[in-house]
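Q: Dropping a prediction and its sequence here:
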Amino acid sequence: MAKTLIIGACGQIGTELVLALRKKYENETIIASDIRESIPDILANGPYIQLDILNRDEVRKYIIDQKIEHVYLLAALLSATAEKNPDFAWKLNMEGLFTILDLAKEGHINRIFWPSSIAVFGPTTPSKNTPQQTIMEPSTVYGISKLAGENWCAYYHSKFGVDVRSIRYPGLISYNSLPGGGTTDYAVDIFYSAKEGKEFSCFLGKDTELPMMFMDDAIRATLELMNADSDKISVRTSYNVAGCSFTPEKISEEIKKHLPEFKISYNPDFRQNIAETWPSTIDDSVAKKDWNWICQYNLTKIVSVMVKKIKIRKNLI
Ligand code: NAD
Ligand code: SER
């Protein structure tokens, strides 16, 4: 059983990933870590270590001393937050990656997962059915950092044999954890307003179509890629994966089927400019061919689960 460290474990994806890994493997082997002092209650069923990925020496010492074999590196600033602090976003999103890639190059880690994003695409990319390989000229600091990161992953793989695997996640929709500062966050926030009976003020325009995915699909994709045979992995930058694409208007119509009183207004802000540079739909045929990726949640199914689960969560608080 590989000892596994998840860095950035208290965030939207980390929370769910740690739970999924602990369900599949022994709790004691799945170590959650984050810069945060305390962890969400939901992660208290296994080990936790406070680590700052920017403290290279401390991270190196921990990974080497503890004989960590697999690392999921999730700590990053997302698109909207990164635009507000570009220097720090570049530092956090890149330096942490080099720390982990170097440890693998030296033979201390034998497998890395590092997520990329649909943000690697830009205004010149074909926005419909965006191919795995296409024009990539991102116009956000987040997208620039992810595209650079992808290329560094491929470089470390080809030059040093580092086994690093990556997915270009679309916007992720979850109920156990909140999103952390992205352009797609509205698609989670909307459910809280809907359940509270409040009008939702959407920061994207009603026709802005973006690729999205339910968290269960994203976690399954991550574990399937991490468990795939190395010789099946033809892409060492990052894989396109598609869930379902929708607009704010489409998701609000779907929510109204469960909560007919729900109201939405549209007040686009700076995140609209980011969204307009991203694809609306994604071609994930390479992931399907290489490691049999298949999405299980369409919009109808996502909304039905989210409406139910967010009610349960609110009742528990
Ligand atoms: P998040 O913001 O919810 O979580 C990031 C976590 O990293 C937080 O818990 C934060 O405390 C931690 N962190 C921040 N600085 C740190 C540091 N210096 N050291 C250690 N931990 C630190 O982000 P997320 O949505 O879970 O995203 C995880 C990864 O997936 C990121 O790389 C992100 O770019 C990528 N991604 C996310 C989405 C999405 O929709 N959520 C989509 C595409 C890609
Ligand atoms: N959900 C992410 C964001 O909006 C996409 O990488 O930043």
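A: Structure's in. What do you need? Ligands and ions are numbered 1, 2, ... in the order given.

Q: hmm, stretch 79-86 in reach of ligand 2?
A: Yes - Stretch 79-86 reaches ligand 2 (Cβ under 6 Å from any ligand atom) through Ser79. (Each C-beta comes from the backbone N, C-alpha and C, glycine too.)

Q: contacts for that stretch?
A: Residues outside stretch 79-86 that contact it (Cβ atoms under 8 Å, 6 or more residues apart in numbering): 77, 89, 93, 117, 119, 140-143, 145, 180-183, 185, 270-271, 274.

Q: From these, list just the buried residues.
A: Buried by 16 or more other Cβ atoms under 10 Å: 77, 89, 93, 117, 119, 140-143, 145, 180-183, 185, 271, 274, out of the contacts of stretch 79-86.

Q: Can you pick out the ones from those that are in helices?
A: Mapping the buried ones among the contacts of stretch 79-86 onto helices (DSSP state H) picks out Ala89, Asn93, Val141, Tyr142, Gly143, Ser145, Arg271, Ile274.

Q: Return the two entries of these that lie farthest from one another.
A: Farthest pair in those (Cβ to Cβ) is Asn93 and Arg271. Separation: 18.2 Å.

Q: Now do Ile317, the pLDDT please.
A: Looking at Ile317, its pLDDT stands at 33.

Q: Show me what the one helix or strand Asp57 maps to is packed against.
A: Taking DSSP states H and E as the criterion, Asp57 maps to helix 56-65. Judged by 3 or more Cβ pairs under 8 Å, 6 or more residues apart in numbering; DSSP states H and E, helix 56-65 is in contact with strand 4-7, helix 86-105.

Q: mean confidence for it?
A: Averaged over helix 56-65, pLDDT sits at 98.

Q: got the CA coordinates for stretch 235-252 in CSV?
A: The C-alpha coordinates for stretch 235-252 follow below in CSV (Å, rounded to 0.1, in the frame of the first residue of the first chain):
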residue,chain,number,x,y,z
VAL,A,235,-0.6,12.4,-22.6
ARG,A,236,1.9,13.7,-20.1
THR,A,237,0.8,17.3,-20.2
SER,A,238,-2.8,16.9,-19.1
TYR,A,239,-5.9,15.1,-20.3
ASN,A,240,-9.1,16.8,-21.4
VAL,A,241,-12.1,15.4,-19.6
ALA,A,242,-15.7,16.4,-20.3
GLY,A,243,-18.6,16.3,-17.9
CYS,A,244,-21.5,18.4,-19.1
SER,A,245,-21.7,22.0,-20.3
PHE,A,246,-24.4,24.4,-19.4
THR,A,247,-25.2,28.1,-18.9
PRO,A,248,-26.4,29.8,-15.7
GLU,A,249,-29.9,30.0,-17.3
LYS,A,250,-29.9,26.3,-18.0
ILE,A,251,-28.9,25.3,-14.5
SER,A,252,-31.4,27.7,-13.0
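
Q: Any part of it near ligand 2?
A: No - Stretch 235-252 does not reach ligand 2 (Cβ under 6 Å from any ligand atom); its nearest approach is 11.4 Å.

Q: what distance separates that stretch from the middle of the whole chain?
A: 11 Å (Cα atoms, centre = their mean, to the nearest Å).

Q: same question, stretch 91-106
A: With Cα atoms, centre = their mean, you get 18 Å for stretch 91-106.

Q: how about that stretch: buried residues?
A: Across stretch 91-106, burial judged by 16+ other Cβ under 10 Å covers Leu92, Asn93, Met94, Gly96, Leu97, Thr99, Ile100, Leu101, Asp102, Leu103, Ala104.

Q: For it, list the C-alpha coordinates in CSV.
A: The C-alpha coordinates for stretch 91-106 follow below in CSV (Å, rounded to 0.1, in the frame of the first residue of the first chain):
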residue,chain,number,x,y,z
LYS,A,91,4.7,31.7,-7.1
LEU,A,92,2.3,29.3,-5.4
ASN,A,93,1.2,27.5,-8.5
MET,A,94,4.7,27.0,-9.8
GLU,A,95,7.1,26.7,-6.9
GLY,A,96,5.1,23.9,-5.2
LEU,A,97,5.1,21.9,-8.5
PHE,A,98,8.9,22.1,-8.8
THR,A,99,9.4,21.0,-5.2
ILE,A,100,7.4,17.8,-5.9
LEU,A,101,8.7,17.2,-9.4
ASP,A,102,12.3,17.4,-8.1
LEU,A,103,11.6,15.0,-5.3
ALA,A,104,10.3,12.5,-7.9
LYS,A,105,13.3,13.1,-10.1
GLU,A,106,15.5,12.3,-7.2
